[in-house]
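Undergrad: what's the 3D shape of this:
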Amino acid sequence: MSSIPLSNRKSPTLSSIRRKRFPYCALMLLSTSTPVFAAGTIAGTDIENVASATFDTAGGPVTITTNTVTIKVDELLDVAVVNTDPGDVITNPGKTGSVQSFRITNTGNGDEAFALNVDVASGGDDFDPTLQHIVIDGNNNGLYDAGVDVVYVAGANDPVIAPDQSQTVFVVTSTPLSTANGARASVGMTATAVTGAGIAGTSFAGQGQGGGNAVIGSSTAQAAANGFLVVQSASLALVKSASIADPFGGQRAVPGALVTYRLVATVSGDGALNNLVITDPIPSGSAYQAGSLTLQKSASAAVALTDAADADPGTFNGTRVAVAAGNVPAGETRTVTFKVVIQ
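TA: Predicted coordinates for the structure are as follows:
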């Protein structure tokens, strides 16, 4: 992985640094949300214009031209931030290393460095997690890779993002040991243009890309988004076993032998696990035995399930079995069995 520059902060004395595009600032479009596009012509572009006039003389037509008028496009400072988690990120009491994902998009028209800030104590929620790190997605894969991705240090490696480009950033937190099951916490990510932020239309003379001015856009050059953590005290253990009955009365794995798979899901801790679904693909080299799917709830007897997608919670779709076990309280088990024949 390429080394991280000591400073990506943009300032009048570091104008050459701010025009670089660093490897970790590549486009990360991992969400299906509507993209936000940068504002028009790239900052620093010279728009040149020359007018002309033609008139007739005794010697023929004559054309004259004006002087060249050059207008340098100013840099518009704008940014957008979104949380890209599909929903609340599950954590547990005392857990460290809970990871939330955010995407910072430069919606201005010039390369810009952005300072990052996280708020874990915004109020109005159930608990305040502890911030461990802000981490920049160093290999641009959209996934948190501890030891590979780059820990953010304010003012030292503020991400420089090109117009229309995005940077994925991770927030890593820990959860207090005393938090109750079901408690939620809001975690806010704010990105602010290093050149400046505030009232739209404010101008910073000579600080734009290419030597022009930098002008704060409609976003105020600062944007924020929130993601949520939810405490789930209940935990799940899933254990799989198999028993074999061969055609000769033994337990050998020969063609024609019947294999019974048993999946035991045990919920422990406090509260419940909601919408538990147990799935298992049919192994290669075997064939599912139709009508063999069952579900057992704790001390109750096993109930046969149909293979079709109907009123009962079991299905076989041709390649795997699935059982929707529902909400399972801590201290209970759900056991799924099905059979295959070795081919």
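Undergrad: mind listing the helices for the stretch 1-150 of the chain?
TA: Ranges of helices in the stretch 1-150 of the chain, per DSSP state H, counting those that start in this stretch, are 15-18.
Undergrad: could you list the low-pLDDT ranges of it?
TA: 1-39 (pLDDT under 70).
Undergrad: what do you get if the cut-off is 90, keeping everything else the same?
TA: Applying pLDDT under 90 to the stretch 1-150 of the chain flags residues 1-48, 50, 66, 68-74, 92, 122-123, 140, 147.
Undergrad: how about the strands of it, start to end?
TA: 46-49, 52-57, 60-65, 69-72, 75-77, 79-83, 89-91, 98-106, 112-119, 130-136, 150-151 (DSSP state E, counting those that start in this stretch).
Undergrad: A299 is nearest to which of those?
TA: Comparison of those against A299 by C-beta to C-beta identifies strand 89-91 as nearest, at 28.4 Å. The C-beta positions use only the backbone N, C-alpha and C, and glycine is treated the same way.
Undergrad: elements contacting that closest one?
TA: Secondary-structure packing of strand 89-91 (3 or more C-beta pairs under 8 Å, 6 or more residues apart in numbering; DSSP states H and E): strand 98-106, strand 222-231.
Undergrad: buried sites along that strand?
TA: V89, T91 (16 or more other C-beta atoms under 10 Å).
Undergrad: please apply the same query to stretch 256-276.
TA: Under 16+ other C-beta under 10 Å, the buried positions of stretch 256-276 are 257-261, 263-267, 269-273, 276.
Undergrad: work out the gap between stretch 176-185 and the centre of the chain.
TA: Relative to its parent chain, stretch 176-185 has a centroid offset of 23 Å by C-alpha atoms, centre = their mean, to the nearest Å.
Undergrad: err, stretch 47-62, not the other one
TA: 59 Å.
Undergrad: distance between the ends of it?
TA: In stretch 47-62, first residue to last residue: 27 Å (C-alpha to C-alpha, to the nearest Å).
Undergrad: and the strands in the stretch 201-343 of the chain?
TA: Applying DSSP E, counting those that start in this stretch to the stretch 201-343 of the chain gives strands spanning 203-204, 214-216, 222-231, 235-245, 258-268, 272-281, 286-288, 294-297, 303-304, 314-316, 320-329, 333-342.
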